[in-house]
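Engineer: Next input, structure requested:
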Amino acid sequence: MQVQTLDLRASAISVCVVFLLGLTLSAPLKVAGQVGSQAFAAMPEPAPPDLPSQSFRTREQAAKTLARAEAGSPRDQFLVGYAYLKGIGRPQDIVQARQWYERAANRGEPAASTELGRIYLDGAGVPKDYDRALEWFRRAAADGYAPAQTDLGLAYFEGLGTSRDEAAAVRWWQKASNQGYAPAESNLGVAYLNGTGIPQDFSAAVRWFRKAADAGVSAAQFNLASCYELGQGLHPDFSQAAKWYRLAARQGHSGAQNNLASFYQRGNGVPRSSIEALRLYLLSAGSGNAKAAINLAEVFSTGAGVRPDHNLAYMWLQVAADWGEDVVDAIAAESELLDSDGITNARQRAMEWVAQHRANSAWTTSAQLVRGN
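Structural biologist: Numbers count the residues shown, from 1 in each chain. Presented below is the predicted three-dimensional model:
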């Protein structure tokens, strides 16, 4: 099969813009894949179960919500707090958000207690305080609130505000999963996959991943795809792996974009397309995925579907290095193919890219934990 090629000798930044805008011919290279099961990732942006935007759609609705909150309604106090946190219907104000959350939490609103825990866990407008975060998570978790149980499990798993206790993390995820809470189901799958806090069981991991993936949790979709790719808990199936990577990639999951790109590069489970592979690698790198940057370097170094360009290969290796990857030997090899001006130019391009795209260590492995929503 003839491989499609493009001349991409233009500026690396402009090249990325072209492909991020979707220049493709249709809607095996895998130097730095994402599959594996040794580490975990950060959590997506949480959202409360009752979005306050519904309560602030009009001025009249906002006034009624605020009046109920001032009259002591804990649920409305939470909604006002969240509106301040996200700037919904009013200027964003983290101090006001925290004050309203405290009022609601002290009246027994578990969603507010959970958001307070996240504020102290993340250091959002306050110094990070894992002890206080854990205190708020425990209050809401004791009330049976699944998002808090999920976050409390993460705190135990990571040892935030307490000693690391993987078994305790699993117990809290089981409690939330018993309520059908998808993020906890996804995390429970990770525990079974790695045998952390519970005996390793690939089949059980797949069952939990599938439940959460069907509910739309992108990390679970990614992990389920990895299981299909590696044959963990089920027979290897590249077509199914591609399906689930695609669903996660559409939600912006950088690891899924990288792995799906490698599938297009090799023709695993999808029609082979160097152009689609390049587009997905660029999307992944645009989200700060260092593994995708390494793959892009290999693409340009070897001319896999593009004209070879060692300047761009060096640039992407430098980006990966700036994001913490050990690519010293690869950089040295590429530098042998460039003169001093070429190296300087590639380094400048890398600096420009890194300045515009923050590294995201969240999507560097397959087994990924998620926060409650």
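
Engineer: C-alpha only now, for contacts and for neighbours.
Structural biologist: Will do.

Engineer: and the nearest residue to A225 once chain neighbours are set aside, how many neighbours does it have?
Structural biologist: Nearest non-adjacent residue to A225, counting by CA to CA, 6 or more residues apart in numbering: A241, 4.1 Å away. If you count neighbours by other CA atoms under 10 Å, A241 ends up with 28.

Engineer: give the contact list for A241.
Structural biologist: By CA atoms under 8 Å, 6 or more residues apart in numbering, the residues touching A241 are L224, A225, S226, C227, Y228, E229, G269.

Engineer: pretty sure the second one contacts W244?
Structural biologist: Yes: counting by CA atoms under 8 Å, A225 does reach W244; the two are 5.1 Å apart.

Engineer: neighbour count winner among these two?
Structural biologist: More neighbours surround A225 than the other of A225 and W244, with 34 against 26 (other CA under 10 Å).

Engineer: name the helices or strands packed onto the helix or strand the more buried one falls within?
Structural biologist: Using DSSP states H and E, A225 sits in helix 218-230. Here helix 218-230 touches helix 202-214, helix 238-250, going by 3 or more CA pairs under 8 Å, 6 or more residues apart in numbering; DSSP states H and E.

Engineer: between the ones you listed, which gets nearest to E352?
Structural biologist: Nearest to E352, of all those, is helix 238-250, at 25.2 Å by CA to CA.

Engineer: Beyond that closest one, next helix or strand please.
Structural biologist: Following the chain from helix 238-250 toward its C-terminal end, the next helix or strand by DSSP H and E is helix 254-266.

Engineer: in that following helix, what's buried?
Structural biologist: 254-266 (16 or more other CA atoms under 10 Å).

Engineer: centre of the chain versus whichever helix or strand comes after it, how much separation?
Structural biologist: Following helix 254-266 in sequence order, the next helix or strand is helix 274-286 (DSSP H and E). Centroid displacement of helix 274-286 relative to its chain, using CA atoms, centre = their mean, to the nearest Å, is 17 Å.

Engineer: I'd like to know which elements helix 274-286 is packed against.
Structural biologist: By 3+ CA pairs under 8 Å, 6+ apart, helix 274-286 packs against helix 12-20, helix 254-266, helix 290-302.

Engineer: one step back: centre of the chain versus the helix holding A225, how much separation?
Structural biologist: 13 Å.

Engineer: now the angle between helix 254-266 and that helix, please.
Structural biologist: Between helix 218-230 and helix 254-266, the angle comes out at 30 degrees (axes from the mean of the first three to the mean of the last three CA atoms, to 10 degrees).

Engineer: Show me which residues of the helix of greatest length in the chain are buried.
Structural biologist: In the chain, with assignment by DSSP state H, the single longest helix is helix 340-356. For helix 340-356, a neighbour-count test (16+ other CA under 10 Å) marks G342, I343, N345, A346, R347, R349, A350, M351, W353, V354 as buried.

Engineer: Tell me which other helices or strands that helix touches.
Structural biologist: For helix 340-356, the packing partners by 3+ CA pairs under 8 Å, 6+ apart come out as helix 12-20, helix 310-322.

Engineer: got the angle between that helix and helix 274-286?
Structural biologist: Helix 340-356 and helix 274-286 are oriented at 60 degrees to each other (the same axes, to 10 degrees).
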